[in-house]
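Asker: got a predicted structure plus its sequence, pasted below:
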Amino acid sequence: MPVDSTPAASSMALSLHYDLMASMVIRRPDAIGDVAIELWEGLSKSLTVIIGIEGFEALYDRSLHLAAATFAWLDHDAAPSKNLSRFARLKSGLEGRDFDESVKASALLLSTFTGVLSTLIGQQLTNNILRSAWGDAFEEAALEISQWPKK
């Protein structure tokens, strides 16, 4: 069995992935909703070329469902609306929460999405897609968390 497939290694990878997403989201603490939507739009643009809009929406909806186990309002706020797009509903939900909850929900939703994607296509390809979608911001966040003290 490869070393990185152990439960502890998997848990550590998920924790680092969550930390990376949280670092991305808090780049502009005064605009968590805006930053989250920028990240989602970049990810959508990069992925829909590969898997189509239906594929992206299926992954997004699955991630919302999984993240709603922790933040039930995510699934509720994602209910279809003729007036708001998928990302506008998310932004509205995030802006209706306090700072910590918005950061945690955003990071959880992003890390859940990228975790599901990684399970399907592998971590290396997922990282390449994230680099393409988010550019220097992804690299800066990865460098920042790599320099955190080890627990």
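Answerer: Nice, thanks for sending it over.
Asker: okay, which residue is most central for this protein?
Answerer: Leu110 (1.0 Å; CA atoms, centre = their mean).
Asker: any idea of the mean pLDDT for the helix or strand encompassing it?
Answerer: In this assignment (DSSP states H and E), Leu110 forms part of helix 99-121. In this model, helix 99-121 has a mean pLDDT of 94.
Asker: please apply the same query to stretch 126-140.
Answerer: Mean pLDDT, computed over stretch 126-140, is 89.
Asker: and it, end to end?
Answerer: Start-to-end span of stretch 126-140 (CA to CA, to the nearest Å) is 17 Å.
Asker: buried stuff in that stretch?
Answerer: Residues of stretch 126-140 classed as buried by neighbour count (16 or more other CB atoms under 10 Å): Thr126, Ile129, Leu130, Ala133, Trp134, Ala137, Phe138. Every residue, glycine included, has its C-beta placed from N, CA and C.
Asker: could you do stretch 113-128 as well?
Answerer: By neighbour count with 16+ other CB under 10 Å, stretch 113-128 contains the buried residues Phe113, Thr114, Gly115, Val116, Leu117, Ser118, Thr126.
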